[in-house]
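Enquirer: Sharing a model prediction with you, sequence too.
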Amino acid sequence: MASATVRGPRTPTVAQLRAFVAVAEHRHFREAAAATGTSQPALSGAVAALEESLGAQLVERTTRKVIVTPLGERVLDHARRVLASLQGLTEEVEAARRPFTGPLHLGVIPTVAPYLLPDVLRLVRDRYPELELHVHEERTPSLLEGLAGGRLDVLLLALPAGGGSPTRDVPLFDEDFVLVTPPDHPLAGRVDVPRDVLLDLDVLLLEEGHCLRDQALDICREVGADQAGGSTTRAAGLSTLVQLVAGGLGVTLLPATALDVEAGRTDRLAAVRFAAPAPGRRIGLATRPGSARSAEYDRFAGSLREVLAELPVRIVGS
């Protein structure tokens, strides 16, 4: 009597892995399809084919969102590493063939993008005309996921980048934070103000998910001001935040590079300068460790330092 043959899992395809990673990151088929430029039926079919190939359920489908199963989370880690390795392979070939050519996916945090991108885009246009730049403005956790999974090549964000996966951080500059108040505030226009004035102020914050929110909270806690239980007013972006200040709802901390742009939107703002050493943040590039384009990214960082030196920052690195 012939014995039955038990078929083991089949090797997934790259398309299936990419579809699964996109769905797992967005937790929604429609949003994942829009982000990847794929039709929703094709994306759903690719994930289903992956589950069939592996003989395991990776996601639970509900009417509102996608839930990744415990096994799916472990498969997700493997899938990201596989895709990152494939991306590294193509990067190595392309970097050796022609540096500063072809596509480059740059991720930028929202509290940097409006203030640095004009200089970044001008740099790419003038010095690297054959570079096909794609800009992705996202919050730090999403950027780090995109970098680890190979969706993004290099990030422009606050350092250290952190996150669950290691990054190679390349510093660009340090910048101070400025306290922004309404013009009739007692502190308006003052300089050399000690940071412990934050103890008596209602500091408005960005909503959760912004690294700038975490930095502002850290500064407040350093002087003993616990803002976690303070104002419930939150803003999704810096432009809204400064409008709340202009409306008299409180004060906020603004990066020096954002001051001219945001203060130019209204005459209802005043800047307060902290005494040295002023609180601040470091901005730089983050890439995947061991990337074949590391030398190219270092040259890019050097060019960025040159063009960003005109901003109210202190250039770091070499």
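Expert: The structure has been received and is ready for your questions.

Enquirer: quick check: mean pLDDT across stretch 207-220?
Expert: On average, the pLDDT along stretch 207-220 is 86.

Enquirer: ugh, wrong one, stretch 179-197
Expert: Averaging pLDDT residue by residue across stretch 179-197 gives 91.

Enquirer: hmm, who's touching it?
Expert: 198, 201, 219, 222-224, 242, 245-246, 248, 251-254, 259, 262-263, 267-276, 278-279 (Cβ atoms under 8 Å, 6 or more residues apart in numbering). To be clear about C-beta, it is placed using only N, CA and C from the backbone, and glycine gets the same treatment.

Enquirer: Quick check: strands, which of those residues are part of them?
Expert: 252-254, 270-272 (DSSP state E).

Enquirer: Out of those residues, which two are the most distant from each other?
Expert: By the measure Cβ to Cβ, Leu253 and Ala270 form the most distant pair in those, at 13.9 Å.

Enquirer: all strands for the stretch 101-250 of the chain, in order.
Expert: Ranges of strands in the stretch 101-250 of the chain, per DSSP state E, counting those that start in this stretch, are 102-108, 131-137, 154-159, 168-181, 205-206, 234-235.

Enquirer: re the thing from before, buried subset of the contacts of stretch 179-197?
Expert: Buried by 16 or more other Cβ atoms under 10 Å: 198, 201, 219, 242, 245-246, 251-254, 259, 262-263, 268-274, 278-279, out of those.

Enquirer: Helices along the protein, start to end?
Expert: 14-26, 29-36, 40-54, 70-97, 113-127, 140-148, 211-222, 238-246, 256-263, 294-308 (DSSP state H).

Enquirer: for Gly317, what are its contacts?
Expert: 170-172, 284, 301, 305.

Enquirer: let's go with 10 Å and repeat that
Expert: Applying Cβ atoms under 10 Å, 6 or more residues apart in numbering to Gly317 gives the contacts 169-173, 282, 284-285, 298, 301-302, 304-305.

Enquirer: Can I have the buried ones of these as a ChimeraX selection?
Expert: Paste this into ChimeraX to select the buried members of the contacts of Gly317, with burial taken from 16+ other Cβ under 10 Å:
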select :169,170,171,172,173,282,284,285,301,304,305
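
Enquirer: Got the confidence number for the residue nearest the centre of the chain?
Expert: For the chain, the residue sitting closest to the mean C-alpha position, by Cα atoms, centre = their mean, is Thr140 at 3.1 Å. On pLDDT, Thr140 comes in at 93.

Enquirer: Show me what Thr181 is bridged to.
Expert: Judged by DSSP bridges, the bridge partners of Thr181 are Ala270.

Enquirer: gap between it and Thr252?
Expert: 9 Å (Cβ to Cβ, to the nearest Å).

Enquirer: any shared contact partners between those two?
Expert: Common neighbours of Thr181 and Thr252, counting by Cβ under 10 Å, 6+ apart, are 201, 245, 269.

Enquirer: and the second one, how far is that from Ala216?
Expert: Pointing back at Val245 there. Distance from Val245 to Ala216, by Cβ to Cβ: 13 Å.

Enquirer: domains of this protein?
Expert: 14-78, 101-114+130-291+305-318 (automatic domain parsing).

Enquirer: Would you mind giving the ones you listed as CSV with distance to Thr90 added?
Expert: Formatted as CSV, those follow (distance: least, Cβ to Cβ, whole Å):
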stretch, distance to Thr90
domain 14-78, 11
domain 101-114+130-291+305-318, 9
